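Colleague: Just to be clear, the model below is a prediction. Sequence and coordinates:
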Amino acid sequence: MTHSHRRSGRLGTFIGGFTAVALAATGLFMTTTGSADAAPTAQSAAASVPAHAVTGYWQNFDNGAAVQKLSDVPADYDIVAVAFADATTTPGAVDFTLDSAGLGGYTEDAFKADIKAKQDAGKSVVISVGGQNGTVSINDSASAANFADSLYALMQEYGFDGVDIDLENGLNSTYMSQALESLAAKAGSGFVLTMAPQTIDMQSTSGEYFKTALAVKDILTVVNMQYYNSGSMLGCDGKVYSQGTVDFLTALACIQLEGGLDPSQVGIGVPASSSAAGSGYVAPSVVNDALDCLAKGTNCGSFKPSKTYPGIRGAMTWSTNWDATAGNAWSSAVGPHVHGL
């Protein structure tokens, strides 16, 4: 397993510069209209997920970052996304195999016990589908049913609280939303649904990823867009912003906040260290500034949103392993800040 996470960066870099021009020409970017502070609709999202939450991906493989057991993940993380479930030969279905050999002999029983311990501590553990190398196609009712059934089976087997959608090779909003609603119905109360789209996926409400998020808004916990391995992108004001800046985080988050997601369903996804992604790393202080800007209107860069979103959910990082490699500097700085919003 050599997932470096997330996408290779080639696509993002190529698309980025092109997109800013093309979307500006076609008017596909969001304008800052509409109310984003409507009452939260994700009532079925797990009660255990705090109002302001930190999400971290845990690597089920050794790619040079610190190898961890789930029990090693710091308490600053409220949602731990296990990366990744893999596609099977059945269309739409996924499975999960713990990389015991790569993780120093970590056993399935210990893994399951650690999931329960995290939950007992008030944390949520979800299974992530996709990643840079993951290709799962949900493009008809049969594959949608297979997707929901296989994920529910994994939730029962391991005790996962829900699923993270990190598909980087496109998705079909009609059938993906059908699959997710079906899974949520099987799972019942406490179901946690997170997403980690690329920047290009959330530039317009007409995109399939954005359409999916809006279609499942009633069961959606948080969208942690990946603000990295990306080219320049449009902000909600129609201006072009470059990654690695506070403005990139705030002006792009604004598109989601004004495009129909509740503030509680919007999070900022960043690399835990400069080693964790090909580009787009920002210091933890920049993440905190962006959250302050969106929640309170303070510590903004040149972009300042027309209103504040005090309910913004928080932040995500790839990965808990890369965070540990850097002495947990990211979670130590961002965790308390998110929880203090």
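Modeller: That came through fine.
Colleague: Extract the CA atoms of the helix or strand containing D109 and return them as CSV.
Modeller: Here D109, judged by DSSP states H and E, is contained in helix 108-120. Extracted as CSV, the C-alpha positions of helix 108-120 are listed here (Å, rounded to 0.1, in the frame of the first residue of the first chain):
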residue,chain,number,x,y,z
GLU,A,108,-8.0,-7.1,14.1
ASP,A,109,-9.1,-7.7,17.7
ALA,A,110,-6.9,-4.9,19.0
PHE,A,111,-8.1,-2.6,16.2
LYS,A,112,-11.7,-3.2,17.0
ALA,A,113,-11.0,-2.7,20.7
ASP,A,114,-9.3,0.6,19.9
ILE,A,115,-12.3,1.7,17.9
LYS,A,116,-14.6,1.0,20.8
ALA,A,117,-12.2,2.8,23.2
LYS,A,118,-12.3,5.9,21.0
GLN,A,119,-16.1,5.8,21.0
ASP,A,120,-16.2,5.4,24.7
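Colleague: ranges for the strands of the stretch 51-200 of the chain?
Modeller: Applying DSSP state E, counting those that start in this stretch to the stretch 51-200 of the chain gives strands spanning 53-59, 79-87, 94-95, 124-131, 162-167, 192-195.
Colleague: Just give me how far the first one sits from the chain centre.
Modeller: Here the centre of mass of C-alpha atoms in strand 53-59, compared against the chain's by C-alpha atoms, centre = their mean, to the nearest Å, lies 9 Å away.
Colleague: Between strand 162-167 and it, find me the angle.
Modeller: Put simply, strand 53-59 runs at 70 degrees to strand 162-167, going by axes from the mean of the first three to the mean of the last three C-alpha atoms, to 10 degrees.
Colleague: Tell me the buried residues in strand 53-59?
Modeller: Buried residues in strand 53-59, counted by 16 or more other C-beta atoms under 10 Å: A53, V54, T55, G56, Y57, W58, Q59. Every residue, glycine included, has its C-beta placed from N, CA and C.
Colleague: just checking, the last one touches L70?
Modeller: No - in terms of C-beta atoms under 8 Å, Q59 does not count as a neighbour of L70; the distance is 10.9 Å.
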